[in-house]
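> need the 3D shape of this:
(one chain, ligands or ions: 1)
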Amino acid sequence: MASPPDTSKTAKLERCNNYLRRFNSAKIIISASSRLLFRASILATVALILLLLLLSHYSTAARSSHRSLLSSDVAYGGVAWEREVRSSATPRRPSGITVLVTGAAGFVGTHCSLALKKRGDGVVGLDNFNPYYDPSLKRARQSLLSRHGVLVVDGDINDTPLLAKLLDVVPFSHVLHLAAQAGVRYAMRNPQSYVASNVAGLVALLEVAAKHADPQPAIVWASSSSVYGLNTATPFSELHRTDRPASLYAATKKAGEAIAHTYNHIYGLSITGLRFFTVYGPWGRPDMAYFTFTDLILSGKPITLFRMQDGTAVQRDFTYVDDVVKGCLGALDTAERSTGSGGKKRGPAQLRVYNLGNTSPVPVAKMVGILEGLLGKKAKKHVVRLPQNGDVPYTHANVSMAVRELGYRPTTDLATGLKKFVRWYVEYYDRKSKKPPHRTPK
Ligand SMILES: O=C(O)[C@H]1O[C@H](OP(=O)(O)OP(=O)(O)OC[C@H]2O[C@@H](n3ccc(=O)[nH]c3=O)[C@H](O)[C@@H]2O)[C@H](O)[C@@H](O)[C@@H]1O
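Alright, predicted model coming up:
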């Protein structure tokens, strides 16, 4: 019988081959996974480098955009500068107040600064002269104020060292805070500018006022009728809800009112918010409809008139600037002192909010009719449906609270106010031989 074949060697060989195969396939897996690992780590490193580059780019951009908002490049300080600031801030009547007016080269800021100075109060202005609309108009307002002894410092409300310096040099009794990014529809094009001025800027100011200033000044600041948003109860009362803003602009003003509450609650700052209703008049804002329409009518160009979908007219409670100024001064005069110092509240402080409107809404088309009469020229009207741009169809102020508590009493109807505006417009642009202002903000 043949002996069975000796398979022990073959078996060993096979075991060895199997082992080698497993070893090789493991090696393949290992080398494949290490290649993968290697590639992944390269990718991760590249991603990290890109991320770092991106972050550094953004932080540089953020720093430079922040810098561009600030006035750090503008020189301030020094004996001569402080003397100028003190002189502008010195009241000329015995019981005069000393007011820091932010946004002093703005429309309402100029009128308020002049009115305060004329009655003998001390006023120092602050303005960043940003290019939202023609800065040469702001410079012209600054010159006007300068002729009346009001210094307007070039600077931004986000520049806290500058704010602190101003409050060190002068123990302001009041701050009239009017610096803001205004305009309802522009908020869709440049939302960040609203956050920078109306939220960050307000916080910067309140921080310095609450923690640095001694004594803490009383704050009066500009909110807006736009906070009523989608509210349908009319006329708009301070007791109505304001939690449905229709534009980012309105939302930042509403945020401002909430922020004011916080600083009043924590630090004892006396704060009064004023809800302005479509303020117009001489030295006005070229981005507003009455101003733009005047410009377009005179140059024979068409104006766009918004109408509601159902054909009803869009209406505004147009309020003449002199009436609003009286409301602002009334708010300053009735403002109680802040109670805190050095960031510590010493007791409850005043917190108020008032409507400053005219109480008689006018259809925008009627406003155009008045302008046509005053300019002696017909408008080329392009009527379109009110776009979804943050506009509200109607505003109407109930001012009974301001009447009662501030002595506010609007007396100027739209025809009278527009007449004064047109007189100023014609004289200003004729005298300066200037081109009419740009039609839309940059
Ligand atoms: O009351 C307020 O709180 C606000 O008033 C104005 O906002 P607005 O009432 O929209 O003023 P304009 O931009 O002058 O518009 C006036 C009216 O004209 C209408 N309009 C505007 C522009 C246009 O091309 N066509 C047009 O029909 C608007 O819909 C609005 O009803 C100011 O621009 C805001 O800064 C301010 O806060």
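> show me where the stretch 201-350 of the chain has helices.
Secondary structure of the stretch 201-350 of the chain (DSSP state H, counting those that start in this stretch): helices at 202-207, 248-267, 289-298, 321-334.
> so is the longest one next to the ligand?
Yep, that's helix 248-267 we're talking about. No. Using CB under 6 Å from any ligand atom, helix 248-267 stays clear of the ligand, with a minimum separation of 6.8 Å. Using the backbone N, CA and C atoms, a C-beta is placed for each residue, glycine as well.
> tell me the helices and strands packed up against that helix.
Applying 3 or more CB pairs under 8 Å, 6 or more residues apart in numbering; DSSP states H and E, one finds that helix 248-267 contacts helix 191-194, helix 202-207, strand 218-224, strand 271-276, strand 351-356.
> right, so of the helices of the stretch 201-350 of the chain, which gets closest to residue 189?
Among the helices of the stretch 201-350 of the chain, the nearest to residue 189 by CB to CB is helix 248-267 (10.4 Å).
> run the angle between that closest one and strand 351-356 for me.
150 degrees (axes from the mean of the first three to the mean of the last three CA atoms, to 10 degrees).
> now helix 248-267: buried residues?
By neighbour count on 16 or more other CB atoms under 10 Å, the buried set for helix 248-267 is 248-257, 259-260, 263-264, 267.
> in stretch 346-364, what's buried?
Going by neighbour count (16+ other CB under 10 Å), the buried part of stretch 346-364 is 349-359, 361-364.
> ditto for stretch 308-327
313-327.
> the residues you listed: which ones sit near the ligand?
When contact is defined as CB under 6 Å from any ligand atom, the buried residues of stretch 308-327 meet the ligand at 314, 316.
> re the thing from before, and the helices and strands packed on helix 248-267: which comes nearest the ligand?
Counting by CB to the nearest ligand atom, the ligand lies closest to strand 218-224 out of those; the figure is 3.4 Å.
> which stretch among the helices of the stretch 201-350 of the chain comes nearest residue 145?
Closest among these, using CB to CB: helix 321-334, at 13.9 Å.
> just how off-centre is the closest one within its chain?
21 Å (CA atoms, centre = their mean, to the nearest Å).
> just stretch 189-208 next, same as before
With CA atoms, centre = their mean, you get 6 Å for stretch 189-208.
> how far does it stretch from start to finish?
With CA to CA, to the nearest Å applied, stretch 189-208 spans 30 Å between its terminal residues.
> can you list contacts of it?
Residues outside stretch 189-208 that contact it (CB atoms under 8 Å, 6 or more residues apart in numbering) are 69, 102, 132, 156-160, 163-164, 167, 175, 177, 179-181, 186-187, 219, 221, 248-249, 252-253, 255-256, 259-260, 263, 267, 269.
> close to the ligand, is it?
No. Stretch 189-208 lies apart from the ligand when judged by CB under 6 Å from any ligand atom; the minimum separation is 10.3 Å.
> buried residues in that stretch?
For stretch 189-208, a neighbour-count test (16+ other CB under 10 Å) marks 190-191, 193-208 as buried.
> farthest pair in the buried residues of stretch 346-364?
The span of those, defined through CB to CB, is set by 349 and 363 at 41.5 Å.
> tell me what the host helix or strand of residue 83 is packed against?
If you go by DSSP states H and E, residue 83 is part of helix 79-89. Applying 3+ CB pairs under 8 Å, 6+ apart, one finds that helix 79-89 makes contact with strand 122-127, strand 151-154, helix 160-169.
> pull out the buried residues from that helix.
Using 16+ other CB under 10 Å as the test for burial, helix 79-89 gives 82, 85, 88, 89.
> residue 125 against residue 101, yeah?
Yes. Counting by CB atoms under 8 Å, residue 125 touches residue 101, with 4.9 Å between them.
> remind me which residues of the stretch 201-350 of the chain are low pLDDT?
Along the stretch 201-350 of the chain, segments meeting pLDDT under 70 are nowhere present.
> the stretch 51-200 of the chain: strands as residue ranges?
For the stretch 51-200 of the chain, strands defined by DSSP state E, counting those that start in this stretch occupy the ranges 98-102, 122-127, 151-154, 174-177.
> a markdown table for these, including distance to residue 275, mean neighbour count and mean pLDDT?
Converted to a markdown table, the strands of the stretch 51-200 of the chain look like this (distance: least, CB to CB, whole Å; neighbours: other CB atoms under 10 Å; pLDDT from 0 to 100):
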| stretch | distance to residue 275 | mean neighbour count | mean pLDDT |
| --- | --- | --- | --- |
| strand 98-102 | 18 | 27 | 99 |
| strand 122-127 | 22 | 28 | 98 |
| strand 151-154 | 25 | 22 | 98 |
| strand 174-177 | 14 | 29 | 99 |
